[in-house]
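*Asks:* my questions concern the predicted model and sequence given below.
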Amino acid sequence: MDRLRAFEVFVTVVNRGSFARAADALDTSPANVTRYVNELETHLGTRLLNRTSRKLSLTEGGDTLYSRCRTILEDVAETEGLLSRTSIEPRGRLRINAPVSFGVLHLAPLWPEFMQRYPDVELEIALIDRVVDIVEEGFDLAIRISRAGTTEHAARKLATSRNVLCASPDYLNQWGYPEIPQDLLRHQCIGYTYAATGDDWQLTDSNGRDHPVQVNCRMHTNNGDTARAAALAGRGIIWQPTFLIGDDLRTGKLVRVLPEYRLPDIDVLALYPSRRHVSAKVRAAIDFLVDAFSGLPPWDNV
């Protein structure tokens, strides 16, 4: 048995979550993947994976081996890279996760230039609003919109976006303009499902005093574009980042509410599993995005 190959197969099975997906990633057959895992379990004399018809899970021994195998494979790749042009030339498949709205509005226009600059990199872009586990789900890089940053993974900041309370002129003409945060309790509000504070909207005045308001939301959504559409139709007040509603504020389709109060800013981060052994393709993508978002982001020019 080729133990290094068996380690690679085992790690890929865990990362991909199935034998079939691991076979696709390794360009081999599911039967071959199964054979390597079975031989590895026989060689070690212990079960590594619990298998059901729907999912795989690691045993205690499998979890220990997975951590060690990842380190071994990273060290092997780094050693090979010292003698290979792949250590300095970005190449191979690059899996990137990003939130839907940000990915469509601000990342999609950038990828053609990246593809032209790095023709040996194969991009796979997955737009998902939920917070993904980039290691477990096999992503090389994730773009995350976050108030608190991250301690779980390595990260580089790409930009900052302001959060803004706003509504359509038609809505405000009908329901009136809030003058203090507590006035929001009288209004129709539209909540964002993934907001860190839920329906507890955190406003801060010019003196730094906090004014939390537990609003009553007529509608919740896990997608910012859906919240924006409802606000444009005059259905309520939203709290959304300027990277999504900046153009609406510039054109007057949406109007700021309680502009003398601030909401927490959010960072746009590029997350990757570890600062150790960063591949050339990941480093190239991060540097490309840092350069693309340098200076004042266009969405905050309001």
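*Replies:* Received, thanks.

*Asks:* what helix or strand is E122 on?
*Replies:* Using DSSP states H and E, E122 falls within strand 121-127.

*Asks:* what's that strand packed up against?
*Replies:* Counting contacts by 3 or more Cβ pairs under 8 Å, 6 or more residues apart in numbering; DSSP states H and E, strand 121-127 packs against strand 92-98, helix 111-117, helix 280-292. The C-beta positions use only the backbone N, C-alpha and C, and glycine is treated the same way.

*Asks:* how far does stretch 98-114 stretch from one end to the other?
*Replies:* 16 Å (Cα to Cα, to the nearest Å).

*Asks:* same question, stretch 204-221
*Replies:* First-to-last residue span, stretch 204-221, Cα to Cα: 24 Å.

*Asks:* in it, what counts as buried?
*Replies:* By 16 or more other Cβ atoms under 10 Å, the buried positions in stretch 204-221 come out as 213, 215, 217, 220-221.

*Asks:* now stretch 19-32
*Replies:* Judged by neighbour count (16+ other Cβ under 10 Å), stretch 19-32 contains these buried residues: 19, 21-23, 25-26, 28.

*Asks:* again, but for stretch 61-81
*Replies:* By 16+ other Cβ under 10 Å, the buried positions in stretch 61-81 come out as 62, 65-66, 69-70, 72-74.

*Asks:* looking at those, which are in helices?
*Replies:* Residues of the buried residues of stretch 61-81 located in helices (DSSP state H): 62, 65-66, 69-70, 72-74.

*Asks:* which of the buried residues of stretch 204-221 lies closest to E124?
*Replies:* For these, the closest approach to E124 (Cβ to Cβ) belongs to T221, at 26.8 Å.

*Asks:* which residue, other than its chain neighbours, is closest to T59?
*Replies:* R47 (5.4 Å; Cβ to Cβ, 6 or more residues apart in numbering).

*Asks:* residues contacting that neighbour?
*Replies:* By Cβ atoms under 8 Å, 6 or more residues apart in numbering, the contact set of R47 is 41, 59, 61-62.

*Asks:* one more: Q188?
*Replies:* Contacts for Q188 (Cβ under 8 Å, 6+ apart) come out as 171, 175, 218, 235-237.

*Asks:* returning to that earlier point: turn the ones in helices among the buried residues of stretch 61-81 into TSV, including distance to L158 and pLDDT.
*Replies:* As requested, these are exported to TSV (distance: Cβ to Cβ, whole Å; pLDDT from 0 to 100):
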residue	distance to L158	pLDDT
G62	36	91
L65	36	92
Y66	31	91
C69	32	91
R70	27	89
I72	32	90
L73	29	88
E74	25	83
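
*Asks:* can you give me the strands for the chain?
*Replies:* Listed in chain order, the strands of the chain (DSSP state E) span 49-51, 56-58, 92-98, 121-127, 141-146, 154-161, 163-167, 189-192, 200-204, 210-214, 217-221, 237-241, 255-256, 266-272.

*Asks:* what's the most buried one of those strands?
*Replies:* Highest mean neighbour count of the strands of the chain: strand 237-241, a mean of 25 (counted as mean count of other Cβ atoms under 10 Å).

*Asks:* contacts for stretch 195-205?
*Replies:* Contacts of stretch 195-205 (Cβ under 8 Å, 6+ apart): 147-148, 165, 181, 184, 189, 191, 210-217, 239, 258, 260-264.

*Asks:* let's see 10 Å
*Replies:* 146-148, 163, 165, 180-181, 184, 189, 191-192, 209-217, 220, 222, 237, 239, 258, 260-264, 266 (Cβ atoms under 10 Å, 6 or more residues apart in numbering).
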